[in-house]
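[1] Let me see the structure of the following:
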Amino acid sequence: MHLSFDHCENVVAANLTVRAPKESPNTDGIHVTSTQNIKIQNCIVGTGDDCISIVSGSKNVQAFNIECGPGHGISIGSLGKDHAKANVSNVYVKHATLHNTTNGVRIKTWQGGLGYANNIKFEDVVMMNVTNPIIINQNYCDKEGPCQEQKNAVQVENVVYKNIRGTSASEVAMDFNCSKSIPCENIKLNSIHLIGQGVKDVKTLFVNANLTAVGDVLPPI
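    Numbering: from 1, shown residues only. Next up is the predicted model:
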């Protein structure tokens, strides 16, 4: 990791530039863990992993005016590995541009984890040739084959996506893969406009997710 804020309070991380080759593994740009009241603003990040990663114990996180690419996008998680309890709340990402990234805005939790990720808002985000522009994966595992379904999961709820626009490099522009036993709750989509780049049509996939659409949402749910 390039920058890691661990067990910190009242942080301002501003006007930072982080660069690493897109082939460099595990090179998170700005990593936030067990930290409260942090503002990340006016930053340019391009790496081989997450531009910004927000993990357990983090609360009241703001990320404004972020340019991300290449990399894996802006991620909450992963959370709940090895059945651990993880808590993330009150995250606000606004005015971000992501270009040529693997993911756009992502929430990733491990199967069998505990805890919650809630009160999260992504607003005014531009996607430029992003493979997975909007994604929640509540059933993450790192095996090549299918993983055994588990009853426990990190609860994902109260998530807002507002004014997200741009292009998807894959057919699935929005993907909500949630737990059967603990579904994703109160996921709101407001003014979404994502079209394909290099693909003819794009779509939304959702499993065990309680979605609500407000205004024009493309692709539709």
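[2] in its sheet, what does the longest strand that the chain contains sit against?
    Using DSSP state E to define each element, the chain has its longest strand at strand 114-130. Its sheet considered, strand 114-130 pairs with strand 85-99 (parallel), strand 155-168 (parallel) by DSSP bridges.
[3] Following the chain past that strand, name the next helix or strand.
    Next in sequence after strand 114-130, counting helices and strands by DSSP states H and E, comes strand 132-140.
[4] chain center to that next one, what's the gap?
    How far strand 132-140 lies from its chain's middle: 7 Å, per C-alpha atoms, centre = their mean, to the nearest Å.
[5] Measure how that strand sits relative to strand 155-168, angle-wise.
    150 degrees (axes from the mean of the first three to the mean of the last three C-alpha atoms, to 10 degrees).
[6] and strand 132-140, C-alpha only, in CSV?
    Extracted C-alpha coordinates of strand 132-140, given in CSV (Å, rounded to 0.1, in the frame of the first residue of the first chain):
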residue,chain,number,x,y,z
ASN,A,132,-17.8,-3.1,-13.5
PRO,A,133,-19.1,0.4,-13.0
ILE,A,134,-21.4,-0.3,-10.0
ILE,A,135,-21.0,-3.6,-8.1
ILE,A,136,-21.9,-5.1,-4.8
ASN,A,137,-20.5,-8.6,-4.2
GLN,A,138,-21.7,-9.9,-0.8
ASN,A,139,-20.7,-13.5,-1.7
TYR,A,140,-17.0,-13.0,-2.4
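[7] average pLDDT across that strand?
    Strand 132-140 carries an average pLDDT of 95.
[8] go on, stretch 112-121?
    Per-residue scores along stretch 112-121 average to 97.
[9] what does that stretch contact?
    Stretch 112-121 is contacted from outside by 56, 76-77, 79-81, 83-94, 107, 109, 150, 152-160, 162, using C-beta atoms under 8 Å, 6 or more residues apart in numbering. Quick note: C-beta positions are derived from backbone N, CA and C, even for glycine.
[10] how far is it from where the chain is centred?
    Worked out by C-alpha atoms, centre = their mean, stretch 112-121 lies 12 Å from the chain centre.
[11] what comes up buried for that stretch?
    Neighbour-count burial for stretch 112-121 flags 112-121 (criterion: 16 or more other C-beta atoms under 10 Å).
[12] cool, and stretch 28-47?
    Quick answer for stretch 28-47 (16+ other C-beta under 10 Å): 28-33, 35-36, 38, 40-41, 43-47.
[13] and the buried residues of stretch 112-121 as JSON lines, adding distance to Phe64?
    Formatted as JSON lines, those follow (distance: C-beta to C-beta, whole Å):
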{"residue": "Gly112", "distance to Phe64": "34"}
{"residue": "Gly113", "distance to Phe64": "29"}
{"residue": "Leu114", "distance to Phe64": "31"}
{"residue": "Gly115", "distance to Phe64": "26"}
{"residue": "Tyr116", "distance to Phe64": "24"}
{"residue": "Ala117", "distance to Phe64": "20"}
{"residue": "Asn118", "distance to Phe64": "20"}
{"residue": "Asn119", "distance to Phe64": "17"}
{"residue": "Ile120", "distance to Phe64": "15"}
{"residue": "Lys121", "distance to Phe64": "12"}
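[14] Can you tell me which of the residues you listed comes closest to Leu211?
    For these, the closest approach to Leu211 (C-beta to C-beta) belongs to Ile120, at 14.6 Å.
[15] what are the bridge partners for the closest one, then?
    Val91, Val159.
[16] Then Leu205?
    Asp175.
[17] again with Tyr140
    Residues in beta-bridge contact with Tyr140 (DSSP bridges): Trp110.
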